[in-house]
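A.B. asks: Kindly return the folded structure for what I paste below:
(chains A, B, C and D, ligands or ions: 6)
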Amino acid sequence: MNATLRTRVGALELPNPVVTAAGCAGAGRELAQFFDIASLGAVTTKSVMLEPHAGRPAPRMAETPSGMLSTTGMQGPGLEVLLQRDLPWLRSRGGRAIVSVAGAGVGEFGELARRLSEAEGVSAVEVNLSCPDPESSSGRTFADDPDRAEQVVGTVRSQARSELPVLAKLAGDVPDVVELAGACVDAGADGLSMINTLRGMAVDTRTLRPAVAGGLGGLSGPAVRPIAVGCVYRVHEALPEVPIIGMGGVRTGEDVLEFMAAGASAAAVGTANFSDPSAGARVLREFTEAMEDRGFTRAADLVGAAHRTGPRG
Amino acid sequence: MNATLRTRVGALELPNPVVTAAGCAGAGRELAQFFDIASLGAVTTKSVMLEPHAGRPAPRMAETPSGMLSTTGMQGPGLEVLLQRDLPWLRSRGGRAIVSVAGAGVGEFGELARRLSEAEGVSAVEVNLSCPDPESSSGRTFADDPDRAEQVVGTVRSQARSELPVLAKLAGDVPDVVELAGACVDAGADGLSMINTLRGMAVDTRTLRPAVAGGLGGLSGPAVRPIAVGCVYRVHEALPEVPIIGMGGVRTGEDVLEFMAAGASAAAVGTANFSDPSAGARVLREFTEAMEDRGFTRAADLVGAAHRTGPRG
Amino acid sequence: MSDNGPVQIRCPVLNVRRVDAYVAITVVAPGIAERFRSGQFVSVGVGGDHSSTLLRRPFAVHDVKPDYGGTVEFLFSVKGTGTAWLAERRARDLLDLVGPLGRPFPLPRDPVNCVLVGGGSGAAPLFPLAQSLRRRGCRVDFVLGAASADGVLNAITARRLAETATFATDDGSFGTRGRVTDVLDKVVREGRSDAVYACGPMPMLRSVTAVAESHGLPVQVSVEETMACGTGICMTCVIPVVGGDGVTRMVRSCVDGPVLRGEQVRFDDVGSIPFDALGAPGWKGAGRRGVEQDRDIA
Amino acid sequence: MSDNGPVQIRCPVLNVRRVDAYVAITVVAPGIAERFRSGQFVSVGVGGDHSSTLLRRPFAVHDVKPDYGGTVEFLFSVKGTGTAWLAERRARDLLDLVGPLGRPFPLPRDPVNCVLVGGGSGAAPLFPLAQSLRRRGCRVDFVLGAASADGVLNAITARRLAETATFATDDGSFGTRGRVTDVLDKVVREGRSDAVYACGPMPMLRSVTAVAESHGLPVQVSVEETMACGTGICMTCVIPVVGGDGVTRMVRSCVDGPVLRGEQVRFDDVGSIPFDALGAPGWKGAGRRGVEQDRDIA
Ligand SMILES: Cc1cc2nc3c(=O)[nH]c(=O)nc-3n(C[C@H](O)[C@H](O)[C@H](O)COP(=O)(O)OP(=O)(O)OC[C@H]3O[C@@H](n4cnc5c(N)ncnc54)[C@H](O)[C@@H]3O)c2cc1C
Ligand SMILES: Cc1cc2nc3c(=O)[nH]c(=O)nc-3n(C[C@H](O)[C@H](O)[C@H](O)COP(=O)(O)OP(=O)(O)OC[C@H]3O[C@@H](n4cnc5c(N)ncnc54)[C@H](O)[C@@H]3O)c2cc1C
Ligand SMILES: Cc1cc2nc3c(=O)[nH]c(=O)nc-3n(C[C@H](O)[C@H](O)[C@H](O)COP(=O)(O)O)c2cc1C
Ligand SMILES: Cc1cc2nc3c(=O)[nH]c(=O)nc-3n(C[C@H](O)[C@H](O)[C@H](O)COP(=O)(O)O)c2cc1C
Ligand code: FES
Ligand code: FES
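C.D. replies: Ligands and ions are numbered 1, 2, ... in the order given. Just a heads-up that it's a prediction; the model follows:
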């Protein structure tokens, strides 16, 4: 693989900046039917909880303009299955795993971090802050409250092996993403992933019912890309030293370029994996071409490029 | 006009639920070249400031997937021109005006409300809370802080003629839109308009520069509709008595249906006016057909329909 | 990348034609045709690269032929944006297909008697199934239903392929007035059926399963849940299914289905999470049994 | 709704052809053709109803003919999504057009000498202008430039319509090597020009304006700023322009332009808000003068 594509997200070294987004690639096994999963920078696995979780009722998804709404509600078989089935499989294929964790509470986040520290084949831990905070009465998530986010990230950082990079996954629908980012960095996050799906909803205009069960869902896809790029730009401006994995609507190699120019060191392919199971490999190929086309010889030189030139400047 | 289309936003009675969104229809004059502007429920005029305002540098817009980013920065000739040129023109055409106001500070909001109360042809005042709060150091808007929003709305309510309906225009990228809505209602808002554009950004991948001057812009168009519908749904659920004008990505009559089912009493056409100058008339026609097709004889019966049926319920 | 897994190909359209109330599209897709087993489906990209409709549309494969290295046919009724766009395709246009996807209909080892029950476009996957069964010497009886006559798919082919073909329409415009399940009992008895296969709307699958169970027959149903990916990675297409171990799991209908054993589908709980499902609030009582088993799914 | 304002129509495509490096589309659009005055533009919906590209694309009208009740031609080079989609249109496809939009080129009352300067596709609106000027008995001289030979639009037509036609290309592959402004001075002198019209990239308009001013000639420039609506309602297309009253305003290039008086455009400040512009931080000093005047714009 092209040496010039290398990128670093803090202590996490990746052969190239194209990774998958949590919950949008399983643990790589299904997509490996379409391309070599080890060719990606990394696979971010679906947020894992300690115990099996049944998730939310169907219908769980609805298509929206240039996007989709989903509510899987963290369905998964729990940490044991990840450790015994998924991570060994991914290692056997030469893939790198960023393991996303979802705690039912602060303590569970710590427990997940501790157990993952003992496991092999974990390149980094990503803390999914968009989990509902059990201590909030109004259904807020940890990401909605920078203090709570700080507690979660701090707990993960203290429970994880010290060499294991910890990434905080931020929400994009917060009033001040820079404040949230700062809180996570203060708590010891080595890097930031942003953004998660945005709260949204659709009504089926035939039945006049909510299109996904439970009403609200998470909006993802190209529709949200400007919001995601805006978050990356603002956080990179305020905290230029903090590495970022950008995500939200990446569909082409040019989109990776856009996130990196805004300040990301890598970018994740999420919803695009659903519409194009070869997206990971394609996006990487397109990115490489787009980067060379712009005269860049090292991917890392792209990081923050849009901050160095004013508009029309 | 079909009597069954009538709708009420608190004290504001409208012949039908299709209005224009602030800043997306001027004061109606340009669109009147394409259809009878008086056929709409109302025209919401571009947010007016007391004094002329030059706005932001160009480029001011960029296309994004199913949406656009814009940064006009409140350019406008100021209140005098609205009062002397625009409102009289709109009245002469039989149109109804919801006047959107943007204060440089709390005091200016009050002054705008006072002066509009003396003017003729103002059906309601809409308070644009997405103006930068001069008292915030980090560039927050009034909408980012429910307390500040409450002050603004309270000031407008106290300065406006008591029969003049006051609507608070909410932002969608706040952690708790219900809290913001509640603050505005407590301060005396007769109704709520939601949502304004969302903070976003795009990078021109040819030049690697921000696509709009200043970097950040406001995202609008169908891309944001799920976020807007989600806000309307949550607020209507929490505050079922408070009338709402829904907006964000309305492009067809079915989209009006969607907003009304989520809890809105009317819906505004914004960005769609740019791509289709006849959108106002078309959306109203499509809405009327869609409503009849679903077996509804009164538009008002649609309000909140999605709350009365569970999914697949 | 894998020999019997799905592939993604840009396929030229060979033709687009009307079949009863449906539009049938045949594409040249050798890689899909050669891997295909009846019951599997394809997912089709719609709207082109700059479309606002991101997601693929899933369609059962209705026919596979060896022409041009291998062709695949699927058919549909125009419902929304994606099917409207597909109906406008013309010969030589390119379509992006992924397939074959999903669990196929399991075929009996022996030449037993099978009844195939289809509702509307749900009849589509039953035709390649009927051919496979016939090749194994099975007796095939068809029961096809629809809202009215033009919704009954391929009545003539059904008559040709099967020992008997029975029809039911809601409006009585073709065959019996009523539902397929109104006639199923008689067909099962007269055809001395050993197994039932069904594809169609969920309420039909549920009734067919009930009839099959009343005769003590195994029943394979092909379900339709909204699917974002079709490949098993998004977890949006889940259905509650009881495993052989008695544990209910929310299984992915795209990879663990679309064909499922009817008696294992918890029809009453479709659209909800059963309280005792693996990982649901009421599951704890079941101990850790389910987790062990779960490793083998996927 | 109005007799000389713009209309919105779905127009059948009459033909799509190549003209030099450009794609030219002719549509049947009587309502637009009859209202059109040279310098005006149309905006075209791209991608169809379910496209993710929402916004219309603005194009200068290149030709208007009386055939079929009135046809309109525009031409473009393929740049991004929208133009790529347009280039794939075929005869009989329908396009959604709004037009004619914008302020046209003002025409001189008397038969004066005019030089028309165009860069790349910016030459398009100069052809109907040349015809109008010729009908008034004006002398027309053309100066056309482009990056290389195939970017020079309609060289032959230019030669036919004009007294003289001078060409300049960056690579010297056609006409003089260099910029249009390198030859403009000579053309103005030899043609004893009374007025200058220009359309093309902003830096070219600025240089042309400088040359015109050095000869004391009035100059009309047609500008290109990104436009979300084209009808005057979005305020995204603004350019700083000094009014007759000395006040700088951010004017909408779609309705107050695209044709502006070159000497009034603050070229140095395009892409910024001049400090002293109406409503800018430094404006206060100018008193309330600007506001009064402002009522008459729009
Ligand atoms: C495994 C499987 C096999 C299928 N086989 C066939 C077939 O052979 N013939 C046929 O006519 N239809 C079939 N369907 C249903 C078909 O996929 C939908 O009719 C189609 O997706 C509708 O797309 P649209 O764009 O026209 O509708 P829209 O309403 O615009 O679609 C919006 C979204 O909802 C999804 N959706 C809508 N209806 C359905 C549905 N009934 N099932 C699943 N997703 C849906 C779409 O895929 C899309 O993501 C099958 C569905 C599944 C899951
Ligand atoms: C008044 C006016 C007249 C024009 N006349 C012509 C003409 O006759 N021939 C021609 O080839 N081009 C002309 N242009 C430029 C033409 O509009 C753009 O090339 C075209 O919009 C590009 O669209 P796209 O989808 O291919 O590019 P994309 O880059 O995909 O477009 C993205 C967005 O940016 C806008 N945009 C991109 N480039 C320009 C540009 N140069 N000017 C304005 N908006 C732009 C698009 O309209 C769209 O909204 C004119 C522009 C204006 C403002
Ligand atoms: C179906 C689905 C499931 C997801 N599951 C997770 C998850 O388990 N953990 C997480 O952190 N993010 C999850 N996400 C969010 C994505 O990782 C990503 O942040 C978001 O979708 C934006 O990227 P995209 O637009 O490219 O999809 C999920 C998104 C989708 C659509
Ligand atoms: C160019 C532009 C200008 C706008 N100006 C205003 C404004 O002056 N005041 C305001 O409250 N909202 C303004 N908005 C927001 C719209 O009124 C509306 O809330 C938002 O665009 C979402 O609706 P839409 O997706 O239909 O455009 C503006 C939006 C756009 C795109
Ligand atoms: S459709 Fe994505 S897992 Fe089944
Ligand atoms: S393009 Fe909208 S005002 Fe000019």
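
A.B. asks: For the stretch 151-298 of chain C, which residues score under the pLDDT cut-off?
C.D. replies: For the stretch 151-298 of chain C, applying pLDDT under 70 flags the ranges C:285-298.

A.B. asks: interface residues of it facing ligand 1?
C.D. replies: C:224, C:226, C:227, C:258 (CB under 6 Å from any ligand atom). For glycine as for every other residue, the C-beta is placed from the backbone atoms N, C-alpha and C.

A.B. asks: mind listing the helices for the chain?
C.D. replies: Since you didn't name a chain, this refers to chain A. A:79-81, A:87-92, A:106-118, A:146-159, A:177-186, A:225-238, A:253-262, A:272-275, A:279-293 (DSSP state H).

A.B. asks: that answer is for a different chain, and I need it for chain C
C.D. replies: Assigned by DSSP H, chain C shows helices spanning C:30-35, C:81-87, C:126-135, C:155-161, C:180-190, C:202-214, C:289-294.

A.B. asks: Columns mean neighbour count on top of those helices, output as TSV?
C.D. replies: As requested, the helices of chain C are exported to TSV (neighbours: other CB atoms under 10 Å in any protein chain shown):
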stretch	mean neighbour count
helix C:30-35	20
helix C:81-87	18
helix C:126-135	21
helix C:155-161	16
helix C:180-190	18
helix C:202-214	19
helix C:289-294	18
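
A.B. asks: and residue B:8, which of these is closest to it?
C.D. replies: Nearest to residue B:8, of all the helices of chain C, is helix C:81-87, at 33.7 Å by CB to CB.

A.B. asks: what about the closest one and chain B, any contact?
C.D. replies: No: when contact is scored as CB under 8 Å from any CB of the partner chain, no part of helix C:81-87 falls within range of chain B; the minimum is 11.6 Å.

A.B. asks: and that helix, how far out from the chain's middle?
C.D. replies: 20 Å (CA atoms, centre = their mean, to the nearest Å).

A.B. asks: Show the average pLDDT along that helix.
C.D. replies: Looking at helix C:81-87 alone, the average pLDDT works out to 96.

A.B. asks: wouldn't residue A:121 be in contact with residue A:88 here?
C.D. replies: Yes: taking contacts as CB atoms under 8 Å, residue A:121 lies within contact range of residue A:88: 7.0 Å.

A.B. asks: So between these two, which is more surrounded?
C.D. replies: Each of residue A:121 and residue A:88 has its neighbours counted (other CB atoms under 10 Å in any protein chain shown); residue A:121 has more, 17 against 14.

A.B. asks: Now do the same contact list for residue A:247.
C.D. replies: Counting by CB atoms under 8 Å, 6 or more residues apart in numbering or on different chains, residue A:247 makes contact with A:21, A:193, A:194, A:195, A:228, A:259, A:267, A:268, A:269, A:270.

A.B. asks: what do you get if the cut-off is 10 Å, keeping everything else the same?
C.D. replies: A:19-22, A:24, A:44, A:169, A:172, A:193-196, A:220, A:224-225, A:228, A:232, A:255, A:259, A:264, A:266-271 (CB atoms under 10 Å, 6 or more residues apart in numbering or on different chains).

A.B. asks: Equivalent analysis for residue C:12, please.
C.D. replies: Contacts of residue C:12 by CB under 10 Å, 6+ apart are C:27, C:28, C:29, C:68, C:91, C:92, C:93, C:94, C:95.

A.B. asks: follow-up on the earlier one: can you redo the helices of chain A as JSON lines with mean pLDDT and distance to ligand 1?
C.D. replies: Shown next, in JSON lines, are the helices of chain A (pLDDT from 0 to 100; distance: least, CB to the nearest ligand atom, whole Å):
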{"stretch": "helix A:79-81", "mean pLDDT": "94", "distance to ligand 1": "26"}
{"stretch": "helix A:87-92", "mean pLDDT": "97", "distance to ligand 1": "26"}
{"stretch": "helix A:106-118", "mean pLDDT": "96", "distance to ligand 1": "33"}
{"stretch": "helix A:146-159", "mean pLDDT": "96", "distance to ligand 1": "33"}
{"stretch": "helix A:177-186", "mean pLDDT": "96", "distance to ligand 1": "30"}
{"stretch": "helix A:225-238", "mean pLDDT": "97", "distance to ligand 1": "20"}
{"stretch": "helix A:253-262", "mean pLDDT": "98", "distance to ligand 1": "22"}
{"stretch": "helix A:272-275", "mean pLDDT": "98", "distance to ligand 1": "10"}
{"stretch": "helix A:279-293", "mean pLDDT": "97", "distance to ligand 1": "17"}
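
A.B. asks: Looking at these, which is nearest to ligand 2?
C.D. replies: Closest approach to ligand 2 among those is made by helix A:253-262 (11.5 Å; CB to the nearest ligand atom).

A.B. asks: ok, and the closest non-adjacent residue to the most centrally placed residue in chain A?
C.D. replies: For chain A, the residue nearest the mean C-alpha position is residue A:21 (4.4 Å; CA atoms, centre = their mean). Setting aside the residues directly before and after it, residue A:21 is nearest to residue A:270 in space (CB to CB, 6 or more residues apart in numbering or on different chains), at 3.3 Å.

A.B. asks: my guess is that neighbour meets residue A:255, correct?
C.D. replies: No: Residue A:270 lies out of contact with residue A:255 (CB atoms under 10 Å); the separation is 11.0 Å.

A.B. asks: can you list residues touching both of the two?
C.D. replies: Joint contacts of residue A:270 and residue A:255 (CB under 10 Å, 6+ apart) are A:228, A:247, A:248, A:249.

A.B. asks: Please name the nearest non-neighbouring residue to the third one.
C.D. replies: Nearest residue to residue A:248, sequence neighbours excluded (CB to CB, 6+ apart): residue A:228, at 2.7 Å.

A.B. asks: any idea how far residue A:27 is from the one you found?
C.D. replies: As for residue A:228, its distance to residue A:27 is 24 Å (criterion: CB to CB, to the nearest Å).

A.B. asks: same check, this time on residue C:70
C.D. replies: 32 Å.

A.B. asks: the more surrounded of these two?
C.D. replies: Higher neighbour count among residue C:70 and residue A:27: residue A:27, with 26 against 19, using other CB under 10 Å.

A.B. asks: any idea what sits nearest that one, other than its immediate chain neighbours?
C.D. replies: Residue A:27's closest residue in space is residue A:86 (CB to CB, 6+ apart), at 3.6 Å.

A.B. asks: my guess is the one you found meets residue A:77, correct?
C.D. replies: Yes: Residue A:86 is within contact range of residue A:77, at 9.3 Å (criterion: CB under 10 Å).

A.B. asks: what about residue 283, how many neighbours?
C.D. replies: No chain specified, so I'll use chain A. With other CB under 10 Å as criterion, residue A:283 counts 26.

A.B. asks: My question was about chain C, not that one.
C.D. replies: So residue C:283, with other CB under 10 Å, has 23 neighbours.
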